[in-house]
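Enquirer: predicted structure and sequence below. I'll ask about it afterward.
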Amino acid sequence: MSPNNFSCQKVFKTLPKSSRKRNNDYLHAYYEKPITRKRLLSGLATKDIEIASMRMDKRKVLVTGTPNELYSNMTVALINRLYTDGILAKADYIKLIASRRNTSRYLNDAFSESIANRTQDVNFDVSIVAPGENKCLHAVDFVSWALWQKYEKGDKTYSDIISSKIVKEYVMYQ
């Protein structure tokens, strides 16, 4: 997902000052009020973006690796399926921005290398940043949360706002 010129900062500035202080310049869908969630998702719905997602039921998966390996596997599987389905072309340049999940430089480097080694014929760059460093990660968090609400809670209120932007929803290990 690439939210183009959409700025989470614009939504953040509409929050009361006390909220902004509490949030420390970070929007996280789980902690926000419904109006903030709807405002951000509605803003995304007006932009020229496409959303593809991959989900899995962890209860149905026999995990033989670490969570980091599972995260890498899902990322590679999503990229490969997007190419297989023609949503992405080999000539496309992709900037993959991943949220820094670990403070370990070794684990972050291992993630980047794993993606690069397993998608060698793809033209992209991997960046791993803290969520506060890239507001697009806030938008991704809200989209993920909206889809989580749809599948885990049966609440389509938020996913319906961005449904026209969702081009593919994959299931891993179905």
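Expert: That came through fine. Numbers count the residues shown, from 1 in each chain.
Enquirer: buried residues in the helix or strand where N68 lies?
Expert: In this structure, N68 sits in helix 67-84 according to DSSP states H and E. The neighbour-count check on helix 67-84 (16 or more other C-beta atoms under 10 Å) flags 68, 70, 72-79, 81-83 as buried. To be clear about C-beta, it is placed using only N, CA and C from the backbone, and glycine gets the same treatment.
Enquirer: same for it, what does it pack against?
Expert: Secondary-structure packing of helix 67-84 (3 or more C-beta pairs under 8 Å, 6 or more residues apart in numbering; DSSP states H and E): strand 51-55, strand 93-99, helix 105-118, strand 166-171.
Enquirer: what's the angle between it and strand 166-171?
Expert: 130 degrees (axes from the mean of the first three to the mean of the last three C-alpha atoms, to 10 degrees).
Enquirer: measure the residue nearest to the spatial centre of the chain to I35 for me?
Expert: For the chain, the residue sitting closest to the mean C-alpha position, by C-alpha atoms, centre = their mean, is V140 at 3.7 Å. Separation of V140 from I35 (C-beta to C-beta, to the nearest Å): 20 Å.
Enquirer: kindly report the same for F124.
Expert: In terms of C-beta to C-beta, F124 sits 36 Å off from I35.
Enquirer: same question for T46.
Expert: Where I35 is concerned, T46 sits at a distance of 17 Å (C-beta to C-beta).
Enquirer: swap in A29?
Expert: 13 Å.
Enquirer: when those two are compared, which one has more neighbours?
Expert: Ranked by neighbour count (other C-beta atoms under 10 Å), A29 and I35 place A29 first, with 21 against 11.
Enquirer: okay, now the unreliable bits of the protein?
Expert: 1-25, 62-64, 102, 119-121, 174 (pLDDT under 70).
Enquirer: contacts for the helix holding N68, please.
Expert: Residues outside helix 67-84 that contact it (C-beta atoms under 8 Å, 6 or more residues apart in numbering): 52-54, 56, 61, 63, 65, 88-90, 94, 96, 98, 101-102, 107, 110-111, 114-115, 118-119, 122, 168, 170, 172.
Enquirer: let me know how buried E113 is, in neighbour terms.
Expert: Applying other C-beta under 10 Å, we find 12 residues neighbouring E113.
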